[in-house]
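# return a 3D structure for these sequence lines:
(one chain, ligands or ions: 2)
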Amino acid sequence: MGIIVENVSKQFGSFKAVDEVNIQIESGSLVALLGPSGSGKSTLLRLIAGLEMPDTGKIWLTGKDATYQSVQERNIGFVFQHYALFKHLTVRQNIAFGLDIRKASKAKIKGRVEELLELVQLGGLGDRYPSQLSGGQRQRVALARSLAVEPQVLLLDEPFGALDAKVRKDLRAWLRRLHDEVHVTTVFVTHDQEEAMEVSDKIVVMNKGKVEQIGTPAEIYDHPASAFVMSFIGPVN
Ligand code: ADP
Ligand code: MG
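Numbers count the residues shown, from 1 in each chain. Ligands and ions are numbered 1, 2, ... in the order given. A predicted model of the protein is given here:
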């Protein structure tokens, strides 16, 4: 079981940021929330995380009603576009952070951190500080840090948004490979249709707080459900 968003709405003042959204996300899948700026993607992700409470509707995580669970109870990992690593901690110490505060044993932490360094292909860079890494390497450390505590759900809000085109492209392919190894249910926010097409099992196309279409990249590309989807997806080049 994965994530179910059931009839969820969220208003800021009189503005409906998320408007009666229904989505089912299969366990272990990688799903993109795709839409233009202001379409409600980040708000929806924050609702799934428990950083916002819905006005109406429910969020189900792995079969449990999580609507009123705290962020901690939801066992979720996050990576945001400008995810600050701790500057005064090494890569190893950054990755270990969540394990340290959970009081895991030293031996367990050490083993897990080495495993994660390999997983994000940063073996050998464990003793560097964030300032000694490239932007792409930093985002991989952020991913390793969020994976360290074995979350049941991983939420990524434009994690590669601030990076240049070439690095983004590499990280995209890398994220897909990582997901094929780890299989954690992942929801990925992007406004870049090419990124969504290349990386995800399913795409949720959003417009003005509503879901326009949900489908595989091929379904959405071949059979856009509305004029909006057609114009937003456009030809992939
Ligand atoms: P996206 O991530 O797709 O760009 P957001 O979910 O960030 O969209 O925002 C959707 C809309 O909701 C935007 O118009 C934004 O200004 C508004 N919004 C988001 N968060 C708040 C907030 N905390 N207070 C007021 N308006 C907000
Ligand atoms: Mg956003």
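
# the residue nearest the centre of the chain pairs with what?
Taking C-alpha atoms, centre = their mean, the centroid of the chain lies closest to residue 156, which sits 2.0 Å from it. Taking DSSP bridges, one obtains residue 79, residue 188 as the residues bridged to residue 156.

# ok, now which ones touch it?
78-79, 143, 186-189 (C-beta atoms under 8 Å, 6 or more residues apart in numbering). For glycine as for every other residue, the C-beta is placed from the backbone atoms N, C-alpha and C.

# residue 3 too?
Taking C-beta under 8 Å, 6+ apart, we find residue 3 in contact with 23-25, 48, 59-61, 153, 185, 187.

# before we move on, what about residue 167?
Neighbours of residue 167 in contact, by C-beta under 8 Å, 6+ apart: 134-136, 160.

# if you set the cut-off to 10 Å instead, what comes out?
By C-beta atoms under 10 Å, 6 or more residues apart in numbering, the contact list for residue 167 reads 134-137, 139, 160.

# can you get me a residue count around residue 12?
Here the number of neighbours of residue 12 (other C-beta atoms under 10 Å) works out to 11.

# so it makes contact with residue 43?
Yes: the pair residue 12 / residue 43 is scored as a contact, 8.3 Å apart, by C-beta atoms under 10 Å.

# so residue 159 belongs to a helix, correct?
No: according to DSSP: H, G, I helix; E, B strand; the rest coil, residue 159 belongs to no helix; its state is coil.

# how close does the residue nearest to the centre of the chain sit to ligand 1?
Note on residue 156: its distance to ligand 1, by C-beta to the nearest ligand atom, to the nearest Å, is 12 Å.

# can you point out the buried residues in the longest helix seen in the chain?
Across the chain, the helix with the greatest residue count (assigned by DSSP state H) is helix 165-182. Neighbour counts over helix 165-182 (16 or more other C-beta atoms under 10 Å) mark 167-168, 171-172, 174-175, 178-179 as buried.

# wait, which of the residues you listed is closest to ligand 1?
For these, the residue nearest ligand 1 by C-beta to the nearest ligand atom is residue 168; the value is 17.5 Å.

# circling back: overlap in contacts, residue 12 and residue 43.
Taking C-beta under 10 Å, 6+ apart as the contact rule, residue 12 and residue 43 both touch 18, 52.

# rewinding a little: just the pLDDT at the residue nearest to the centre of the chain, thanks.
Residue 156 carries a pLDDT value of 94.

# run through the helices of the chain in chain order.
Counting by DSSP H, the chain has helices at residues 41-49, 91-101, 106-119, 135-147, 165-182, 193-199, 217-222, 227-233.

# return the second one as CSV; C-alpha atoms alone will do.
Right, helix 91-101. Coordinates of each C-alpha in helix 91-101 appear next as CSV, following Å, rounded to 0.1, in the frame of the first residue of the first chain:
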residue,chain,number,x,y,z
VAL,A,91,29.2,14.4,4.6
ARG,A,92,29.3,11.4,6.9
GLN,A,93,28.1,13.4,9.9
ASN,A,94,25.3,14.9,7.8
ILE,A,95,24.1,11.5,6.6
ALA,A,96,24.3,10.2,10.2
PHE,A,97,22.3,13.1,11.6
GLY,A,98,18.9,11.5,11.7
LEU,A,99,20.3,8.3,13.1
ASP,A,100,22.2,10.1,15.8
ILE,A,101,19.1,11.9,17.1
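
# by contact count, what packs against that helix?
With contacts defined as 3 or more C-beta pairs under 10 Å, 6 or more residues apart in numbering; DSSP states H and E, helix 91-101 has these neighbours: helix 106-119, helix 135-147.
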